[in-house]
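Visitor: One predicted model, sequence on top.
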Amino acid sequence: TQHAGDQRVAVIGLGRFGNSLANELMHRGWDVLGLDTDARLVQKYSDGLTHTAVADCTDPEVLRQLGVHEFTSAVVAIGSDVEASILVSSNLLEAEVPNIWAKAVSRQHGQILERLGVHHVVLPEHEMGERVAHLVTGRMLDFIEFDDDYALVKTVAPDIITSVPLGRSQVRSRYGITVVGIKRPGEDFTYATAETVVQKGDVIVVTGKTHAVETFAELS
Ligand code: ADP
């Protein structure tokens, strides 16, 4: 967890991923140090970020001079150059940065980063591919899967849960899912209660084990 003074992050690699991430963190009020070996990219983003520098972060001395060892969070947003990603990650681990995030381009790359000890490894392409597959094959409008086989899904309400109050629909015992919210066309999102009666055409937000949520979203 972060507290006020800790809202500083070093983003290493200002490609598409690193730049989007750095912008979003700025938007959330964090101080962002953006680093890249490419002077053109650094120049391009220098106005939008708190600090930027042209730096080859595979060199531990370069990182030290930039004070990266004093940061509580750092993100290695280098993808295609796997060797650089590994070297930079290992430098950050050596500098004992407490929260290190790294992007991986393949499962093998991700595994190496995890074995090194990187605290959070993300596989944007794989994760997005899985998510889009859920959207393409079913009625799901949105799908988020958490680490522990637990998912949150936005879907069109299947007929079998319409017309009776949720409390009496037995969705939890029958399907192992919980309806947390409901969005009627043209109305605002509201939280679901035991008294909520879902109607045909409503969009609902459901949580539960990934498998249970998937099965439920395929019901008609
Ligand atoms: P994306 O797909 O998000 O654009 P890339 O892997 O193509 O990701 O981009 C990674 C960025 O990281 C590039 O801008 C590259 O210049 C930068 N980069 C590569 N090696 C280093 C390094 N040793 N130190 C700092 N930045 C690096």
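Guide: Thanks, I have it. Residues are numbered from 1 along each chain as shown.
Visitor: Surely Thr155 forms part of a strand?
Guide: Yes. Assessed with DSSP: H, G, I helix; E, B strand; the rest coil, Thr155 lies in a strand.
Visitor: Next up, the contacts around the residue of the chain found nearest the ligand.
Guide: Of all residues in the chain, the one sitting closest to the ligand is Gly15 (2.3 Å; CB to the nearest ligand atom). From N, CA and C alone the C-beta is placed, and that goes for glycine too. Contacts for Gly15 (CB atoms under 8 Å, 6 or more residues apart in numbering) come out as 41, 77-79.
Visitor: out of those residues, which touch the ligand?
Guide: By CB under 6 Å from any ligand atom, the members of the contacts of Gly15 lying near the ligand are 41, 78-79.
Visitor: Name the residues of this structure found near the ligand, please.
Guide: 12-18, 35-38, 41, 55-58, 78-81, 84, 88.
Visitor: Buried ones only from these, please, as a ChimeraX command.
Guide: Remark: buried members of these, expressed as a ChimeraX selection using 16 or more other CB atoms under 10 Å:
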select :12,13,14,17,18,35,36,37,41,55,57,58,78,79,84,88
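Visitor: from the residues of the chain next to the ligand, which ones fall inside strands?
Guide: Members of the residues of the chain next to the ligand lying in strands (criterion: DSSP state E): 12, 35-36.
Visitor: Closest one of the residues you listed to Met128?
Guide: Nearest to Met128 among these, counting by CB to CB, is Ile12 at 21.4 Å.
Visitor: and stretch 136-144, how far out from the chain's middle?
Guide: For stretch 136-144, the separation from the chain centroid amounts to 17 Å (computed by CA atoms, centre = their mean, to the nearest Å).
Visitor: Sorry, slip of the keys, the one I care about is stretch 11-23.
Guide: Here stretch 11-23 is found 14 Å from its chain centre; the criterion is CA atoms, centre = their mean.
Visitor: Equivalent analysis for stretch 161-168, please.
Guide: Going by CA atoms, centre = their mean, where stretch 161-168 is centred and where its chain is centred differ by 33 Å.
Visitor: can you put the contacts of Gly15 in JSON lines and add distance to Asp159 and pLDDT?
Guide: Below are these laid out as JSON lines (distance: CB to CB, whole Å; pLDDT from 0 to 100):
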{"residue": "Leu41", "distance to Asp159": "52", "pLDDT": "96"}
{"residue": "Ala77", "distance to Asp159": "45", "pLDDT": "98"}
{"residue": "Ile78", "distance to Asp159": "49", "pLDDT": "97"}
{"residue": "Gly79", "distance to Asp159": "44", "pLDDT": "90"}
